[in-house]
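Peer 1: Quick one, fold the following:
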Amino acid sequence: MPCTTILVGKNASYDGSTLVARNEDSSNGVFEPKRMRVCIPTSSRASTRAS
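Peer 2: This is a model prediction of the structure:
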């Protein structure tokens, strides 16, 4: 089964946001949890958040 990923860069979004969207299809109905890591830039250093 196919999966779909949509990536939008800061120059392509209305407000300069970077967007990531993903859809994972499963032919047998079993889905594995995924981990997403978000890096938020700050004035002094980049911080990281993980789900």
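Peer 1: Burial check on G16, number of neighbours?
Peer 2: 9 (other CB atoms under 10 Å). Glycine gets a C-beta too; all of them are placed from N, C-alpha and C.
Peer 1: Okay, and it sits in which element?
Peer 2: For G16, there is no helix or strand it lies in under DSSP states H and E.
Peer 1: Quick check: closest non-adjacent residue to it.
Peer 2: K10 (4.8 Å; CB to CB, 6 or more residues apart in numbering).
Peer 1: For V30, see how far away the one you found is.
Peer 2: Counting by CB to CB, to the nearest Å, the separation of K10 from V30 is 35 Å.
Peer 1: For these two, indicate the residue with more neighbours.
Peer 2: Between K10 and V30, counting by other CB under 10 Å, K10 is the more crowded of the two (10 against 6).
Peer 1: give me every residue that touches that one.
Peer 2: By CB atoms under 8 Å, 6 or more residues apart in numbering, the residues touching K10 are 16-18.
Peer 1: Look at E24 and report its pLDDT.
Peer 2: We have a pLDDT of 78 for E24.
Peer 1: what residues does the helix or strand N23 falls within touch?
Peer 2: Applying DSSP H and E as the criterion places N23 in strand 19-24. Contact partners of strand 19-24, identified using CB under 8 Å, 6+ apart, comprise 3-8, 13, 31, 34, 36.
Peer 1: Direction included, what does the helix or strand just after that strand pair against?
Peer 2: Moving toward the C-terminus from strand 19-24, the next helix or strand (DSSP H and E) is strand 37-41. Strand pairing for strand 37-41, determined by DSSP bridges: strand 46-50 (antiparallel).
Peer 1: for the strand it pairs with, what is the average pLDDT?
Peer 2: Mean per-residue pLDDT for strand 46-50: 53.
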